[in-house]
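Colleague: just need the structure, nothing else, for what follows:
(one chain, ligands or ions: 1)
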Amino acid sequence: MIFLDAAATTPVRREVLDAMWPYLTGSFGNPSSHHTLGEAAAAALAEARAAVAGVLGCRQGEVVFTAGGTEADNLAVKGIALARQAADPRLDRVVISAVEHPAVQESARYLERFHGFTVDVVPVDGTGRVTPAALAGVLRPETALVSIMYANNEVGTVQPIAALAELARAHGIPFHTDAVQAAGWLPFDTRALGVDAMSISGHKLGAPKGCGLLFVRSRTRLEPVIHGGGQERGRRSGTENVAGAVGLATALRLAGERQEDQRERVAALRDRFIHEVVAGVPDAVLTGHPSERLPSVASFCFPGTSGESVLLELERRGVVCSSGSACAAGSDAPSPVLTALGVPAEVAQTAVRFSFDSSVSQEDLDHAAAAVRAAVAGVRNLGAGHGR
Ligand code: PLP
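Modeller: As a prediction, this is how the structure comes out:
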């Protein structure tokens, strides 16, 4: 099987599992306990936090461990907006882009439904990019928060985050970015990016599902969304997932080390793959930005097919990928991301996303490109047969 669905999830890396193992077995303590086992767990958690802070170029106190990317997004969007509104009731608007993951989108809609906020959606261009001019067009004195993702999970388009964050900062508005897909592929130094908050998820990087983090810049007001025993300095209650934090720190360190060379290698393979797919299916439409895209994502529409049928044909040929985001799988509605890019609904239904991790090889991708040609031809033949 050739697994080309790394944007949905990745296997846990051996080094990550090895680093986690002691905290799942012998050193299983609760970091809040005042005995040796507890202290060992607290020390491991502190070490993981220091390692993460090193990779993200931030302070240890600016790292909040969460149970994944969705929770980090919820904490950022709800936590920052509500804390700002509590300090100044006039702050009752949040800005998100038209291509955000549901974790951001639904958090913003929750603020609208239950806390009187208005959600301003900044449009994207046909490649999925938010321009600083478009963002400037929706900022208001009442804007409590801007949340714009670093890289899109369906089409891979990368946003000019540093420029967008700078613009928000110039207006005195905190800026959050969902870096769940970008982490491991794009520079994630929080100071260089100039962001106030950034979400990361472990399972996209070779750590397990259910561990993630939110970077929150010091002095950014943050209302917790999970209340309880006050762990994570009161910002996220619940007994800490020590092994998960250790795994995430290890995965981030490994990702940080490999970034530059792997990025170039995988980007070159992606470009070759795109070329091969278009050579095999001349009317295939590459979605997203032609160059400002994740090295790991190639997404297409194959007009005249159905994305789901192409997926089935591909799987029969040993290639596993998806029709867009895993969250939307099984839904008949056209992808809101593609719709936001201006792709007509009937074409959006034909979307297929191929996403790679750093172990991808040219051989695999050449095989996959040949499978795409055969799969699309197979679906079209079937369609023609039905038409007769
Ligand atoms: N944000 C983006 C851009 C994602 O792609 C995902 C997962 O697909 C998430 C957030 C949610 O992360 P998690 O699966 O860790 O909850």
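
Colleague: what sits against the residue positioned nearest the centre of the chain?
Modeller: What sits nearest the mean C-alpha location of the chain, by Cα atoms, centre = their mean, is V180, with 2.7 Å. When contacts are counted by Cβ atoms under 8 Å, 6 or more residues apart in numbering, V180 touches 69, 73, 101, 149, 153, 199-201, 204, 212. C-beta: built from backbone N, CA, C; applies to glycine.

Colleague: redo that, cut-off 6 Å
Modeller: By Cβ atoms under 6 Å, 6 or more residues apart in numbering, the residues touching V180 are 69, 199, 201, 204.

Colleague: what kind of secondary structure is it in?
Modeller: What DSSP: H, G, I helix; E, B strand; the rest coil gives for V180 is coil.

Colleague: now it, nearest residue through space, not along the chain?
Modeller: Nearest residue to V180 in three dimensions, chain neighbours excluded: G69, at 4.1 Å (Cβ to Cβ, 6 or more residues apart in numbering).

Colleague: look up how far L248 lies from that neighbour.
Modeller: Distance, G69 to L248, by Cβ to Cβ, to the nearest Å: 11 Å.

Colleague: same deal with V158?
Modeller: Taken as Cβ to Cβ, the span from V158 to L248 is 22 Å.

Colleague: so between these two, which is more surrounded?
Modeller: Remark: of V158 and L248, L248 carries more neighbours, 33 against 23, as counted by other Cβ atoms under 10 Å.

Colleague: quick one: the more buried one and A207 touch, right?
Modeller: Yes - with contact defined as Cβ atoms under 6 Å, L248 reaches A207; the gap is 4.7 Å.

Colleague: helix or strand next in line after the longest helix along the chain, which one?
Modeller: Using DSSP state H, we find that the single longest helix of the chain is helix 242-280. Using DSSP states H and E, the helix or strand that directly follows helix 242-280 along the chain is strand 285-286.

Colleague: pull the distance from the helix or strand following that next one to the chain's centre.
Modeller: Under the assignment DSSP H and E, the closest C-terminal helix or strand after strand 285-286 is strand 297-301. Centroid separation for strand 297-301 versus its chain: 16 Å, with Cα atoms, centre = their mean, to the nearest Å.

Colleague: just confirm V99 is within a strand.
Modeller: No - assessed with three-state DSSP, V99 is coil; it does not lie in a strand.

Colleague: that one: neighbour count?
Modeller: 30.

Colleague: for the ligand, what's the nearest residue on this protein?
Modeller: Among the residues of the chain, G69 lies nearest to the ligand; the distance is 2.5 Å by Cβ to the nearest ligand atom.

Colleague: in this structure that residue contacts S199, no?
Modeller: Yes - counting by Cβ under 6 Å, G69 touches S199, with 5.4 Å between them.

Colleague: which of these two has more neighbours?
Modeller: S199 (31 against 28).

Colleague: so how far is A340 from that one?
Modeller: If you go by Cβ to Cβ, the gap between S199 and A340 works out to 20 Å.

Colleague: same question for R84.
Modeller: R84 is 26 Å from A340, where distance means Cβ to Cβ.

Colleague: higher neighbour count, the two?
Modeller: Per other Cβ under 10 Å, whichever of R84 and A340 has more neighbours is R84, with 23 against 20.

Colleague: ok, for the more buried one, nearest residue in space, not its chain neighbours?
Modeller: A144 (4.2 Å).

Colleague: next: P123.
Modeller: Excluding its sequence neighbours, the residue lying closest to P123 (Cβ to Cβ, 6+ apart) is A98, at 5.4 Å.

Colleague: for the one you found, give me its contacts.
Modeller: By Cβ under 6 Å, 6+ apart, the contact set of A98 is 121, 123-124, 340.

Colleague: tell me the pLDDT of C327.
Modeller: On pLDDT, C327 comes in at 52.

Colleague: over to the one 3 residues further on?
Modeller: Per-residue confidence (pLDDT) for G330: 56.

Colleague: how about the residues of the protein by the ligand?
Modeller: With the criterion set to Cβ under 6 Å from any ligand atom, the chain comes near the ligand through 68-70, 73, 101, 103, 149, 153, 178, 180-181, 201, 203, 212, 326.

Colleague: let's see that with 8 Å instead.
Modeller: Contact residues (Cβ under 8 Å from any ligand atom) of the chain with the ligand: 7-9, 68-73, 100-101, 103-104, 149, 151-153, 178, 180-181, 199, 201-204, 209-210, 212, 325-327.

Colleague: just checking, which of these belong to strands?
Modeller: Counting by DSSP state E, the part of the residues of the chain next to the ligand found in strands is 178, 199, 201, 212.

Colleague: tell me the mean pLDDT over the strand or helix carrying E106?
Modeller: Following DSSP H and E, one finds E106 within helix 102-115. Across helix 102-115, the average pLDDT comes to 98.

Colleague: let me see the residues that make contact with that helix.
Modeller: 70, 73-74, 77-78, 81, 94, 96, 117, 119, 147, 178, 327.

Colleague: one more: stretch 314-321?
Modeller: 1-5, 354, 368, 371, 375.

Colleague: now that stretch - C-alpha only, CSV.
Modeller: The C-alpha trace of stretch 314-321 is given here as CSV (Å, rounded to 0.1, in the frame of the first residue of the first chain):
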residue,chain,number,x,y,z
LEU,A,314,-7.0,4.3,-6.5
GLU,A,315,-7.3,2.1,-3.5
ARG,A,316,-7.9,-0.9,-5.7
ARG,A,317,-4.5,-0.1,-7.2
GLY,A,318,-2.8,0.2,-3.8
VAL,A,319,-2.8,4.0,-3.4
VAL,A,320,-4.5,5.4,-0.4
CYS,A,321,-5.4,9.1,-0.3
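
Colleague: what about N381, neighbour count?
Modeller: 10.

Colleague: from here on, count from 22
Modeller: Taking 22 as the first residue, the last one we looked at is N402.

Colleague: from R337, how far off is it?
Modeller: With Cβ to Cβ as the criterion, N402 and R337 are 14 Å apart.

Colleague: can you pull the domain assignment for this structure?
Modeller: Domain ranges of the chain: 23-29+280-408, 35-278, per automatic domain parsing.
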